[in-house]
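Peer 1: Provide a 3D model corresponding to the input given below.
(one chain, ligands or ions: 2)
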Amino acid sequence: MQTSELFSYFTIKTVIGELPLEIDHIHVDSREVQENSIFICTKGFTVDSHEFYHEAIDRGATVIVSEKALDVDESKAAVVIVKDTYKALAHIANKFYDYPSSKLNIFGVTGTNGKTTVTTLIYRLLQHVNQKAALTGTIGFEMNGTRMKSENTTCDLLTNQKLLQETVDRDISNMVMEVSSHGLCQGRLWGIDFDVVTFTNLSQDHLDYHDSMEQYGYIKGLLFAQLGQDLKREKYIVLNEDDPWFKTYSFWSPFEVISYGLQTDADFTASNIQYKSDHTTFTLHSPEGEYDLKAPLLGEFNVYNILAAMASLFAKGIHVSEMVEAFIDMEPINGRMEKLKLDVPVDLYVDYAHTSDAIEKSIQAILPFKQKRLIFLVGTGGDRDPHKRPDMGKKASAADYVILTINDPRTEDPNKIVADMEKGMLHENYVTITERKAAIAHAIEISEPGDIVVFAGKGQEDYQVVGTKKVPHSDFDLAREFAEKKYKK
Ligand SMILES: CC(=O)N[C@H]1[C@@H](OP(=O)(O)OP(=O)(O)OC[C@H]2O[C@@H](n3ccc(=O)[nH]c3=O)[C@H](O)[C@@H]2O)O[C@H](CO)[C@@H](O)[C@@H]1O[C@H](C)C(=O)N[C@@H](C)C(=O)N[C@H](CCC(=O)O)C(=O)O
Ligand SMILES: Nc1ncnc2c1ncn2[C@@H]1O[C@H](COP(=O)(O)OP(=O)(O)OP(=O)(O)O)[C@@H](O)[C@H]1O
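Peer 2: Ligands and ions are numbered 1, 2, ... in the order given. The predicted structure follows:
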């Protein structure tokens, strides 16, 4: 691509030195710069990468995009000064990759809880109807069955554009994206032309980052506003009609709303719900009629997730009957109320609940088939939103016995983290154990045949962040190891 074309959008800019005719790469991280690239300096929360332009040039950057004049040898690199390098990044990246999102069906899913589940369901349902799809989110990036890890739920702007282009290059027509409030707030989705955007729910989380629940809700709503105003396009909004934000979000975009819910007469709803220990059945009511549905997902919250996923695909013309079939052989969602396949006299589940609402929903999912005790192990992360911790303890109190522990201690004092959760406990039947492995061992040790144990907070993750380092850790492996030791002597 002609380098000058990449800058054609900007009316106000200063070019110092001579732009190379062509460039081969774009980078925002000086440590990754390759030969003949543009390096775009941005101000992050931790560093301002205007400090790293020398390193970028040493590695082969031939153009530096900056918000200020830099001391650069013109024979090595040109400098383009713009008012806002992050906006420049959005335009340059979209143009460089030739606006990949306009060539794809893009599904975006946002909300406090349920994003991974709903995006995974959309992805799997698309595959069931033989449509190629890619998926990005907390569990990484998945395409044609290959998975790569990612640092964030919603990747940075440049990575998103690269992933979209790769999706186009591989002749995949659908991209399903988990959209976090941080991603929206930091413009990581700028330039992405969504086709269907879906909202799960909003409850307390991330108040260390957002000033208030109201601000958090408005930030989430940016996704709906991001659908644009071009009414020649077919775009849809899928909303949870039972959530208090339903009306607000409905009004934020001129595109049609497809609703789902259990408490109102939504477009997609369910009745006669039966909750079992490894599946759920219900009668689905949809614009295409009624169907009996059986899915290997547990709890009412997953009925919401199933309705959300089906409504999102219905928006794109996929028939409800085809989707209903797909649930019959579906695998559970990894680490989301996933029952361990283990021949022991206790039922063990690994879940990813790490907000108070998710903890409440996770416990509610177990109650319909609980015969003896529910032992609930729950943790929260260090250096993140301490405001939510007492309410997490409060909601966990609905279990018979609670083990308060830590998901990722990071750099915070472990005793402080569990003490914050302990403040909310409503009964005395609990213990605090800061080391997660010891907490898991304790849960198994005190369990008795017929009990149910839920390990909440880490889901499928295979590490813990201790200090600033990732150390190997798996709730699945530890629960299995301790349970086999105790029950298979
Ligand atoms: C607070 C926050 O959101 N931080 C995000 C932010 O980091 P940052 O601003 O600190 O980045 P920085 O280190 O200052 O770097 C600024 C720029 O300098 C560049 N750099 C840096 C060092 C260097 O030597 N050379 C260089 O060029 C970097 O590549 C970057 O372009 O930009 C990074 C790149 O996009 C993100 O990875 C990072 O997410 C951090 C890891 C994070 O933990 N974020 C959480 C809060 C988050 O975003 N979570 C949501 C999910 C929430 C949920 O629903 O659970 C998510 O979408 O992941
Ligand atoms: N619709 C829902 N309503 C409330 N809680 C839910 C819902 N769906 C899932 N959960 C709970 O939240 C946990 C995380 O689910 P999931 O990973 O799908 O959400 P998420 O929004 O992707 O979370 P994150 O962004 O932190 O990855 C689940 O393990 C479950 O306990």
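
Peer 1: near ligand 2, which residues of the stretch 101-250 of the chain?
Peer 2: Counting by CB under 6 Å from any ligand atom, the positions of the stretch 101-250 of the chain adjacent to ligand 2 are 113-117, 138, 153, 178, 200-201. (Each C-beta comes from the backbone N, C-alpha and C, glycine too.)

Peer 1: Do you know the pLDDT at residue 454?
Peer 2: Residue 454 carries a pLDDT value of 98.

Peer 1: same question but for residue 228, I mixed them up
Peer 2: Residue 228 carries a pLDDT value of 89.

Peer 1: what about the spatially closest residue to residue 103 that is not a sequence neighbour, which helix or strand?
Peer 2: Closest residue to residue 103 apart from its sequence neighbours, by CB to CB, 6 or more residues apart in numbering: residue 168 at 5.1 Å. Using DSSP states H and E, residue 168 maps to helix 157-169.

Peer 1: Identify the residues contacting that helix?
Peer 2: The contact list for helix 157-169 (CB atoms under 8 Å, 6 or more residues apart in numbering) reads 26-28, 86, 89-90, 93-94, 96-98, 100-101, 103-104, 106, 134, 136, 141, 143, 150, 154-155, 175, 177, 187-192.

Peer 1: buried ones in that helix?
Peer 2: Neighbour-count burial for helix 157-169, counted by 16 or more other CB atoms under 10 Å, picks out 157-168.

Peer 1: Let me know the distance separating the residue nearest to residue 103 from ligand 1.
Peer 2: As defined by CB to the nearest ligand atom, to the nearest Å, residue 168 lies at a distance of 22 Å from ligand 1.

Peer 1: separation between that residue and ligand 2?
Peer 2: Distance from residue 168 to ligand 2, counting by CB to the nearest ligand atom: 25 Å.

Peer 1: again with residue 68
Peer 2: Noted for residue 68: a distance of 36 Å to ligand 2, by CB to the nearest ligand atom.

Peer 1: All further residue positions should be reported with the first residue as 738.
Peer 2: Yep, numbering from 738; the last one is residue 805 now.

Peer 1: what kind of secondary structure is that residue in?
Peer 2: coil (DSSP: H, G, I helix; E, B strand; the rest coil).

Peer 1: these two touch, right, it and residue 785?
Peer 2: No. In this structure, residue 805 is not within contact of residue 785 by CB atoms under 8 Å, at 10.2 Å.

Peer 1: circling back: so which of the contacts of helix 894-906 reach ligand 1?
Peer 2: Answer for the contacts of helix 894-906 near ligand 1 (CB under 6 Å from any ligand atom): 765, 891.

Peer 1: Select from the contacts of helix 894-906 every entry located in strands.
Peer 2: Counted as lying in strands by DSSP state E, out of the contacts of helix 894-906, are 763-764, 843, 871, 873, 878, 880, 912, 914.

Peer 1: ok and the helix holding residue 905 relative to strand 911-915, angle-wise?
Peer 2: Using axes from the mean of the first three to the mean of the last three CA atoms, to 10 degrees, one finds that helix 894-906 and strand 911-915 are set 150 degrees apart in direction.

Peer 1: Break down the stretch 988-1137 of the chain into its helices, ranges please.
Peer 2: Assigned by DSSP state H, counting those that start in this stretch, the helices in the stretch 988-1137 of the chain fall at 1037-1051, 1057-1063, 1093-1103, 1126-1133.

Peer 1: In the third one, which residues are buried?
Peer 2: Across helix 1093-1103, burial judged by 16+ other CB under 10 Å covers 1093-1100, 1102-1103.

Peer 1: can I get the residues you listed in a markdown table with pLDDT and distance to ligand 1?
Peer 2: As requested, the buried residues of helix 1093-1103 are arranged in a markdown table below (pLDDT from 0 to 100; distance: CB to the nearest ligand atom, whole Å):
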| residue | pLDDT | distance to ligand 1 |
| --- | --- | --- |
| 1093 | 94 | 14 |
| 1094 | 91 | 13 |
| 1095 | 93 | 11 |
| 1096 | 97 | 15 |
| 1097 | 96 | 18 |
| 1098 | 94 | 16 |
| 1099 | 96 | 16 |
| 1100 | 97 | 20 |
| 1102 | 95 | 20 |
| 1103 | 96 | 23 |
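
Peer 1: closest to residue 1081 among these?
Peer 2: residue 1103 (16.9 Å; CB to CB).

Peer 1: Could you check how far the closest one is from residue 1109?
Peer 2: 11 Å (CB to CB, to the nearest Å).

Peer 1: what touches both of these two?
Peer 2: By CB under 8 Å, 6+ apart, residue 1103 and residue 1109 have these common neighbours: residue 1189.

Peer 1: about what we covered before: with respect to residue 960, which of the helices of the stretch 988-1137 of the chain lies nearest?
Peer 2: Nearest to residue 960 among the helices of the stretch 988-1137 of the chain is helix 1037-1051 (12.9 Å), distances taken as CB to CB.

Peer 1: For stretch 1135-1153, what does the pLDDT average out to?
Peer 2: Computed over stretch 1135-1153, the average pLDDT equals 97.

Peer 1: in that stretch, what's buried?
Peer 2: Neighbour-count burial for stretch 1135-1153 flags 1135-1136, 1138-1147, 1149, 1151 (criterion: 16+ other CB under 10 Å).

Peer 1: which ones among these are found in strands?
Peer 2: Using DSSP E, the subset of the buried residues of stretch 1135-1153 located in strands is 1138-1143.

Peer 1: These also near ligand 1: which ones?
Peer 2: Okay, of those, nothing touches ligand 1 (CB under 6 Å from any ligand atom).

Peer 1: which SSE is residue 1177 in?
Peer 2: With DSSP H and E as the test, residue 1177 turns up in helix 1173-1183.

Peer 1: ok and that helix relative to strand 1138-1143, angle-wise?
Peer 2: 170 degrees.

Peer 1: Just the residues contacting the very next helix or strand once past helix 1173-1183, thanks.
Peer 2: For helix 1173-1183, the succeeding helix or strand toward the C-terminus, using DSSP H and E, is strand 1189-1193. Residues from elsewhere that reach strand 1189-1193, judged by CB under 8 Å, 6+ apart: 1083-1091, 1095-1096, 1099-1100, 1103, 1107, 1109-1116, 1136, 1177, 1180-1181, 1184, 1212, 1216.
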